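Trainee: how would this look folded up:
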Amino acid sequence: MDASVAVEMKVRERAGHLDKFYSHIMSCRVIIEAHHKHHQQGNLYHVRIDVKVPDAEIVASREPGLHHAHEDVYVAVRDAFDDMRRRLEDYARRQRGHVKSHELPPHGHISELYPGYGKIEADDGRYVYFHRNSVLDTDFDKLDIGFEVRFVEEAGDLGPQASTVHVVGKHHVTG
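Mentor: Have a look, this model is predicted:
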């Protein structure tokens, strides 16, 4: 598109605010393209932002075909910078180690078996009761002492109990 002082000022203003979301930005390059230059109205603007940070390059791109509001260059710029802000916030969280992790359920071994129920010795040394109906991925009658299991624990009337018990097979994660 033809150069516009007003659009350039808006881009510089928005680029200057990116430091609030990640302070180690090394460079920021913004490209704005107008598709169908022969139209006076109805041009759709494509905005691409490339930000270089230590160890990465982060790209936000707004395709004109996805949003007819991008017939307004300022809306297209705003949307692209909002996308870049989200990407920088995500990158900063990953750098700080604040990424959600999914904790594995408790782990242990079957230590006692009785008709219809058993006990698991958890890795932390506690004993957890389980009922035959809690075993989900194998037949209770095929269990044996020493089988490695993962379980979901809840408070029972007589202490901790497993609401679900999964036998750990060779394809299960144990760590």
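
Trainee: Just the pLDDT at the residue lying farthest from the centre of the chain, thanks.
Mentor: Here the chain reaches farthest from its C-alpha mean at residue 115, the gap being 43.5 Å by CA atoms, centre = their mean. pLDDT, residue 115: 94.

Trainee: That one and residue 141: what is the separation?
Mentor: Using CB to CB, to the nearest Å, we find residue 115 at a distance of 10 Å from residue 141. C-beta: built from backbone N, CA, C; applies to glycine.

Trainee: Would you mark the buried spots in the host helix or strand of residue 108?
Mentor: Secondary structure from DSSP states H and E places residue 108 in strand 107-114. Under the neighbour-count criterion of 16 or more other CB atoms under 10 Å, strand 107-114 has 107, 108, 110, 113 buried.

Trainee: what's the answer for stretch 153-169, then?
Mentor: 153, 160, 161, 162, 164, 165, 166, 167, 168.

Trainee: Can I get stretch 127-136 in PDB, CA atoms only?
Mentor: The C-alpha coordinates for stretch 127-136 follow below in PDB (Å, rounded to 0.1, in the frame of the first residue of the first chain):
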ATOM      1  CA  TYR A 127      -1.900 -47.500  52.200                       C
ATOM      2  CA  VAL A 128      -4.900 -46.800  50.100                       C
ATOM      3  CA  TYR A 129      -8.000 -49.100  50.000                       C
ATOM      4  CA  PHE A 130      -9.700 -50.000  46.700                       C
ATOM      5  CA  HIS A 131     -12.900 -51.900  45.800                       C
ATOM      6  CA  ARG A 132     -13.100 -54.300  42.900                       C
ATOM      7  CA  ASN A 133     -15.400 -51.900  41.100                       C
ATOM      8  CA  SER A 134     -12.600 -49.200  41.100                       C
ATOM      9  CA  VAL A 135     -10.400 -51.300  38.800                       C
ATOM     10  CA  LEU A 136     -11.100 -49.900  35.300                       C
END
